[in-house]
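[1] What shape does this take:
(one chain, ligands or ions: 2)
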Amino acid sequence: MDLVNHLNDRLLFAIPKKGRLYEKSVTILNGSDIKFHRSQRLDIALCTTLPIALIFLPAADIPMFVGEGRCDLGITGVDQVREAKMDVDLPIDLKFGSCKLQVQVPVNGPYTKPEQLIGKTIVSSFTNLTEEYFAKLEGVPAEKMTTKVKYVGGSVEASCALGVADAIVDLVESGETMRAAGLIDIATVLETSAHVIESKNPRSDKDLIETIKSRIEGVITAQRYVCCNYNAPEDKLSQLLTITPGRRGPTISKIDSDGWVAVNSMIERSKKGEIMDELKKKGAADIMVFEISNCRV
Ligand SMILES: Nc1ncnc2c1ncn2[C@@H]1O[C@H](COP(=O)(O)OP(=O)(O)OP(=O)(O)O)[C@@H](O)[C@H]1O
Ligand SMILES: O=P(O)(O)OC[C@H]1O[C@H](OP(=O)(O)OP(=O)(O)O)[C@H](O)[C@@H]1O
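    Ligands and ions are numbered 1, 2, ... in the order given. Below you'll find the predicted structure:
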């Protein structure tokens, strides 16, 4: 099929084609009922459920495709957006791909503060952000800075040991890569996570863009919250509701048992253990937690 001829009447949505953001991005699409079939080695996939074409691109190229208006929506990290210096909207924080872009130096080396690196050589895959950071530190425009910034495309952490850098600027999540390379962080340039990014001048129907964003927000909310049901003695209700205030407010229903009501409330998945313990301690009974498979908020 000549896929390219099918693109004109579709919203183009740029998705990371590989790497750290790929799998979770596809999970979000599945949860949003954006169904597609991607043939092997093909970087374009037509959706079967909505007039969308998914364009699989390197995470670093997505800000340019969205910033220049070729794709209306994309998924990539804030780090990539800032590095590409693209003016796009960032409507949804997807809460994955969270890490920090940090200045790192050899553990037992002479540097403990970023100011000591002025005039030295820094290696990074994020040369624009690194230049901006050190130009600000030096208090001069980037053209006048004395710190040298060199680009490498990957395995940045090896640069100090190989003698090509005094320090590096690289992403840190668990810190394992950094520690394994004998490095320590001394400053944070940027905190990042994956976001839905949106063109400032979208070409597609606004309703379709809103539908996609609303579905994705629903998936994120469903991942973040679970539903908590319990029975509460009426005289303890106000105290129990402070533990489960809900996103907007709890639902309270009458039940066929004198002096008791049923409460239904969304609670944060990450806090469900302590919330259930607390409810039990404060007099709640029959406490149950359910998965939310999808929602619209
Ligand atoms: N360790 C990490 N933990 C969390 N998020 C990360 C991590 N490393 C990178 N990211 C996020 O994922 C984005 C893409 O990084 P990744 O290393 O996957 O790039 P890639 O070049 O597309 O893939 P690959 O490294 O496989 O070539 C980064 O810009 C950042 O937003
Ligand atoms: O703090 P950590 O959990 O160890 O993660 C940080 C590492 O993850 C990224 O690299 P990735 O593994 O994606 O490979 P790359 O070096 O080829 O980009 C990043 O560039 C770091 O090297």
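
[2] can you tell me which helix in the protein is longest?
    helix 206-224 (DSSP state H).

[3] Output the contacting helices and strands for that helix.
    Applying 3 or more Cβ pairs under 8 Å, 6 or more residues apart in numbering; DSSP states H and E, one finds that helix 206-224 contacts strand 11-16, helix 22-31, strand 73-77, strand 89-93, strand 194-198. (Glycine included, C-beta is placed from N, CA and C.)

[4] That one to strand 73-77, inter-axis angle?
    Here the directions of helix 206-224 and strand 73-77 differ by 40 degrees (axes from the mean of the first three to the mean of the last three Cα atoms, to 10 degrees).

[5] now what about helix 206-224, what contacts it?
    11, 13, 28, 31-34, 50-52, 72-73, 91-95, 196, 198, 202, 247, 268-269, 292-297 (Cβ atoms under 8 Å, 6 or more residues apart in numbering).

[6] and if we set it to 6 Å?
    With Cβ atoms under 6 Å, 6 or more residues apart in numbering as the test, helix 206-224 has contacts from 11, 28, 31-32, 91-92, 196, 202, 292, 294-297.

[7] Closest one of the residues you listed to ligand 2?
    I28 (19.2 Å; Cβ to the nearest ligand atom).

[8] burial count for the closest one?
    A count of nearby residues for I28, using other Cβ atoms under 10 Å, gives 22.

[9] Start the count at 4 instead of 1 going forward.
    Sure, I'll start numbering at 4, so the last one becomes I31.

[10] what residues does the protein put near ligand 2?
    23, 157-158, 160, 173-181 (Cβ under 6 Å from any ligand atom).

[11] go again using 8 Å as the cut-off
    Neighbours of ligand 2 within the chain, by Cβ under 8 Å from any ligand atom: 22-23, 102, 128, 156-160, 173-181, 183.

[12] Lowest-scoring secondary structure element of this structure by mean pLDDT?
    strand 47-49 (a mean of 93; mean pLDDT, DSSP states H and E).

[13] if we can go back for a sec, what's the farthest-apart pair in the contacts of helix 209-227?
    P205 and I295 (29.5 Å; Cβ to Cβ).

[14] Excluding chain neighbours, give the residue nearest to F39 in space.
    Leaving aside its chain neighbours, F39 sits nearest to A48 (4.2 Å; criterion: Cβ to Cβ, 6 or more residues apart in numbering).

[15] again, but for E237
    G262 (5.4 Å).

[16] wait, which of the helices and strands packed on helix 209-227 is closest to ligand 1?
    strand 76-80 (2.3 Å).

[17] Could you confirm whether any residue of the helix or strand just after that closest one contacts ligand 1?
    Toward the C-terminus, strand 76-80 is succeeded by helix 81-87 as the next helix or strand (DSSP states H and E). Yes: using Cβ under 8 Å from any ligand atom, helix 81-87 reaches ligand 1 at V81, D82, Q83.

[18] What's the local residue count around P94?
    15.

[19] what do you get for N232?
    By the criterion of other Cβ under 10 Å, N232 has 16 neighbours.

[20] Please convert the helices and strands packed on helix 209-227 to JSON lines, extending it with mean pLDDT and distance to ligand 1.
    Shown next, in JSON lines, are the helices and strands packed on helix 209-227 (pLDDT from 0 to 100; distance: least, Cβ to the nearest ligand atom, whole Å):
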{"stretch": "strand 14-19", "mean pLDDT": "98", "distance to ligand 1": "6"}
{"stretch": "helix 25-34", "mean pLDDT": "96", "distance to ligand 1": "7"}
{"stretch": "strand 76-80", "mean pLDDT": "98", "distance to ligand 1": "2"}
{"stretch": "strand 92-96", "mean pLDDT": "98", "distance to ligand 1": "12"}
{"stretch": "strand 197-201", "mean pLDDT": "98", "distance to ligand 1": "6"}
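
[21] This completes my enquiry, with thanks.
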